[in-house]
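Asker: pasting the sequence and the predicted coordinates here, then a few questions.
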Amino acid sequence: MNDDSYAERLQRYRVAMANGTPDRIPIRPFVAEATATIAGMTCQDVTQDYEKAFEAVRVATKQFGWDAVVPNMVYVWGLIPQLMGTRYLAIPGVGLDANNCFQYKEPSEDQAWMRSDEYQALAADPTGFLLETWMPRTQSRVCGPGQSNTTANNLAWLKGGMAVMQYFNALGQAVQQLRVECQTPAAICGILKSPFDIIADKFRGYLGMTYDLFERPAEVMAAVEALMPHMLEVAKASADPDRVLPVTIWMHRGCVPLINQDQFDRFNWPTLKPIIEELWADGHQTLFYAEGKWHHHWDAFLELPAGSIIVHCDQDDVFEAKKKLGHKFAISGGIPNRLLSFADADEVRRYCKKVIAEVAVDGGYIADAGAIMQNDTSIENLRIMTETFRDFGTYSQSSGGMPVESIAARPADGRFIHDQSDRPAGVVQPWANVRQEWPEMTGDESVVQSSWQGIDAWAYAFLWHMVVSF
């Protein structure tokens, strides 16, 4: 481990994200279950007990001396799906071997969590659809409308909400522990998914969405447009209040060949681009964690303001990404996971040196694997990657690139997102409706309203993070 300070590491990371040249290449590995291996734990340990997950990250960070890490890249806390009875997740040690990573269980098209004739209901009231339709279908302990209430239902909502609040508060404490114990900043803050991916992942599934793009395109479009304010709200509410760390969008099913170019142009990009522009207008960068291959859509990325995104390469050619996008955006990743899992040390070292020479040569690069590192990662190869970037990734002269202080509120290039629905984004029960049920206000109504809306925002976060995060 090197002995850089927290301030040195954070500045190095910020300058690289701003597409500048820091003192050396920042190393920011998205290490998930690999941290369990390093810390001598199982996948069950770091999935079922988030304190063990935080500890595993700190153990690994102290050993390797990385410049930025995610406090818990495993992220899913297994207790939450167990409390709710989540039907689409398999958790290590509970239905899976303790040394397997957690898994998402894709339903068949005829068992999708949203039916093909329910687009209008989703578009009319997305939060209401979650409450009344999606949650009862995806969570076995939750009752739907018309069903008799049960103790299991009451406890699922009570304990599930408490658990999500507890976990999110603990994440903030984990960030502080990383800073104090490891002198290391968190790598990201905030979560985003495209409206298209929400439907293709958690509502209709991939097969259902594929059929619907041909059979009911207007209904799909209305639904993804209705989801836009909610995805923006989730991202802003979870984003770094200091506007230093990027919001991360996990990009799943919105690229060629999962959909064709015309479908990307019609459904995915027009409902994602304004969200990115809105976040940038509010001073937040977005890390495009582009899972799979996205080179077909790099021209679309170039429509975004310079510096507004960081492009992460998974299966794309990182050298071509640098040529195409590097003049406008920082690049991260691109070290193939197969190398880190199966190659010999010399092959890993040669590839990292090639990335240093051709991708990171003038800055604007952040070292990482292509995809999240699970427990098939060779810890020795991870060490070789880290040491190679540290030993050979020093710049002879650094520059700030885009001044990090300038990443702040600015006008967006695209249209802004407006929510005119009766239940707008961020709200479960509108105050105007609740107020009618209360007796006469003999004191300051704004005090009551503020308290009510504060806890209602937590309820909204719980509902939507069940879709976006868990």
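Answerer: Good, I have the coordinates. Residues are numbered from 1 along each chain as shown.

Asker: now the strands for this structure?
Answerer: Remark: strands assigned in the chain by DSSP state E are 89-92, 95-96, 103-104, 191-192, 247-251, 286-290, 309-313, 330-333, 365-366.

Asker: need the ones you listed in JSON lines (columns: mean neighbour count and mean pLDDT).
Answerer: (Glycine included, C-beta is placed from N, CA and C.) Putting these into JSON lines (neighbours: other Cβ atoms under 10 Å; pLDDT from 0 to 100) gives the following:
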{"stretch": "strand 89-92", "mean neighbour count": "22", "mean pLDDT": "94"}
{"stretch": "strand 95-96", "mean neighbour count": "16", "mean pLDDT": "87"}
{"stretch": "strand 103-104", "mean neighbour count": "12", "mean pLDDT": "94"}
{"stretch": "strand 191-192", "mean neighbour count": "24", "mean pLDDT": "98"}
{"stretch": "strand 247-251", "mean neighbour count": "23", "mean pLDDT": "98"}
{"stretch": "strand 286-290", "mean neighbour count": "25", "mean pLDDT": "98"}
{"stretch": "strand 309-313", "mean neighbour count": "26", "mean pLDDT": "98"}
{"stretch": "strand 330-333", "mean neighbour count": "27", "mean pLDDT": "98"}
{"stretch": "strand 365-366", "mean neighbour count": "28", "mean pLDDT": "98"}
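
Asker: JSON lines for those, including distance to Arg423?
Answerer: Output for the strands of the chain, formatted as JSON lines (distance: least, Cβ to Cβ, whole Å):
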{"stretch": "strand 89-92", "distance to Arg423": "27"}
{"stretch": "strand 95-96", "distance to Arg423": "35"}
{"stretch": "strand 103-104", "distance to Arg423": "28"}
{"stretch": "strand 191-192", "distance to Arg423": "21"}
{"stretch": "strand 247-251", "distance to Arg423": "24"}
{"stretch": "strand 286-290", "distance to Arg423": "26"}
{"stretch": "strand 309-313", "distance to Arg423": "30"}
{"stretch": "strand 330-333", "distance to Arg423": "37"}
{"stretch": "strand 365-366", "distance to Arg423": "39"}
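
Asker: mind checking the ones you listed for the one nearest to Tyr211?
Answerer: Closest of the strands of the chain to Tyr211 is strand 103-104, at 20.1 Å (criterion: Cβ to Cβ).

Asker: output the contacting helices and strands for that closest one.
Answerer: strand 89-92 (3 or more Cβ pairs under 8 Å, 6 or more residues apart in numbering; DSSP states H and E).

Asker: which strands and helices lie in contact with the strand it packs on?
Answerer: Under the contact criterion of 3+ Cβ pairs under 8 Å, 6+ apart, strand 89-92 touches helix 43-48, helix 79-84, strand 103-104.

Asker: tell me which of the strands of the chain lies nearest to Thr127.
Answerer: Thr127 lies closest to strand 191-192 among the strands of the chain, at 17.4 Å (Cβ to Cβ).

Asker: how about Gln103: what's its closest non-neighbour residue?
Answerer: Of all residues not flanking Gln103 in the chain, Ala90 sits nearest, at 4.5 Å (Cβ to Cβ, 6 or more residues apart in numbering).

Asker: how close does the one you found get to Tyr104?
Answerer: Using Cβ to Cβ, to the nearest Å, Ala90 is found at 8 Å from Tyr104.

Asker: mind putting the helices and strands packed on strand 89-92 into TSV with distance to Leu463?
Answerer: Below are these laid out as TSV (distance: least, Cβ to Cβ, whole Å):
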stretch	distance to Leu463
helix 43-48	22
helix 79-84	11
strand 103-104	19
